[in-house]
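Asks: only the shape, not the letters, is given here:
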């Protein structure tokens, strides 16, 4: 008996099964697609639309028919004193955001690298130390913020004030989170302390994948610990460090809750996410707030493109 008629007789079954599999695939991804569209794509596109329209409390119930005002919202943001450079003794939100994001990300990377190098060595209690190091990252942000506000409380009962006054280093209690010029650096340090465990975990995972024979060969050649770190460890970590730096920079640039809970954006810590909130929900100028968010998006796109170009150039050189 020939097999050709049998194949032809059952060919419709294969097509039907394929069609059912395709329909099932679309059915399975449909919930995720709806969530992505509803929570990410639609709000993003709608924010772009709002940034070119005059939207406030007076027409919030009829946003679709809001008057078009072109680039006026963007011009208003760039000319706003809170956004632009405020003078020699005060940064605007744009400069503050860049300084805050880059320095805190760099410190996060340095602290994470140091912690990963420490935990990569075998010693008693390493698991416990690793768990303790993870605490700042896994603890709720609101609890972390209020603990630091308690530590830096301006009253004499504040922990830092009490210690410094007991040691005779200061005579009167200091308002650490209400001193322009000091507050931003304290917030940067708190940010680096809170998120260094993320960098630590990523770097530690890469360190544990480095071939030990490389270090053994270097030891045979008489390489010092610093030379091993410079010529073996760092080349193995460069792509991981670059990825961590980009991710933390993007997340820090968009970070709202840490600064808002610590200072409310006051005393020289007014960054673009806080400024977006102020324009939208304090001044009720939603068009101006959306324009600020779009400026942030443009800056992040520039960071991403620059990072990709640097990575591609390094890949070509190697």
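Replies: Received, thanks. Here the structure is a predicted model, which means the values were calculated and not measured.

Asks: number of residues surrounding residue 230?
Replies: 12 (other Cβ atoms under 10 Å). Just so you know, the C-beta spots here come from the backbone N, C-alpha and C atoms, and that holds for glycine as well.

Asks: how near is residue 200 to residue 248?
Replies: Counting by Cβ to Cβ, to the nearest Å, the separation of residue 200 from residue 248 is 12 Å.

Asks: apologies, that question was intended for residue 59.
Replies: 39 Å.

Asks: those two - which one has more neighbours?
Replies: Neighbours were counted for residue 59 and for residue 248 using other Cβ under 10 Å; residue 248 has more, 25 against 15.

Asks: any idea how far apart the tips of stretch 224-234 sit?
Replies: 14 Å (Cα to Cα, to the nearest Å).

Asks: list the buried ones in that stretch?
Replies: 232-233 (16 or more other Cβ atoms under 10 Å).

Asks: run through who's touching it.
Replies: 117, 207, 210, 214-215, 218-219, 223 (Cβ atoms under 8 Å, 6 or more residues apart in numbering).

Asks: who wins for neighbours among the residues you listed?
Replies: Counting by other Cβ under 10 Å, top hit in the contacts of stretch 224-234: residue 207 with 18 neighbours.

Asks: enumerate every residue touching that one.
Replies: Residue 207 neighbours (Cβ under 8 Å, 6+ apart): 116-117, 120, 233, 236-237.

Asks: now it: how far from residue 240?
Replies: 9 Å.

Asks: and of the contacts of stretch 224-234, the nearest to residue 312?
Replies: Nearest to residue 312 among the contacts of stretch 224-234 is residue 210, at 24.2 Å by Cβ to Cβ.

Asks: low-confidence ranges, the stretch 51-200 of the chain, go.
Replies: Residue ranges of the stretch 51-200 of the chain with pLDDT under 70: 85-90.

Asks: so the residue most central in space within the chain, which of the three states?
Replies: Among the residues of the chain, the one closest to the centroid is residue 251, at 1.3 Å (Cα atoms, centre = their mean). Under DSSP: H, G, I helix; E, B strand; the rest coil, the three-state class of residue 251 is helix.

Asks: what score does it have for pLDDT?
Replies: Listed pLDDT for residue 251 reads 92.

Asks: try residue 12
Replies: Value for residue 12, per-residue pLDDT: 49.

Asks: and the chain, split by domain according to the record?
Replies: 4-51, 85-317 (automatic domain parsing).

Asks: wouldn't residue 173 be in contact with residue 161 here?
Replies: Yes: with contact defined as Cβ atoms under 8 Å, residue 173 and residue 161 form a contacting pair (4.1 Å).

Asks: what touches both of these two?
Replies: 154-155.

Asks: comparing the two, which residue is more hemmed in?
Replies: residue 161 (21 against 17).

Asks: so which strand or helix has the more buried one?
Replies: helix 159-166 (DSSP states H and E).

Asks: what's around residue 150, how many residues?
Replies: 12.

Asks: which residue packs closest to it, ignoring adjacent ones?
Replies: residue 159 (6.9 Å; Cβ to Cβ, 6 or more residues apart in numbering).
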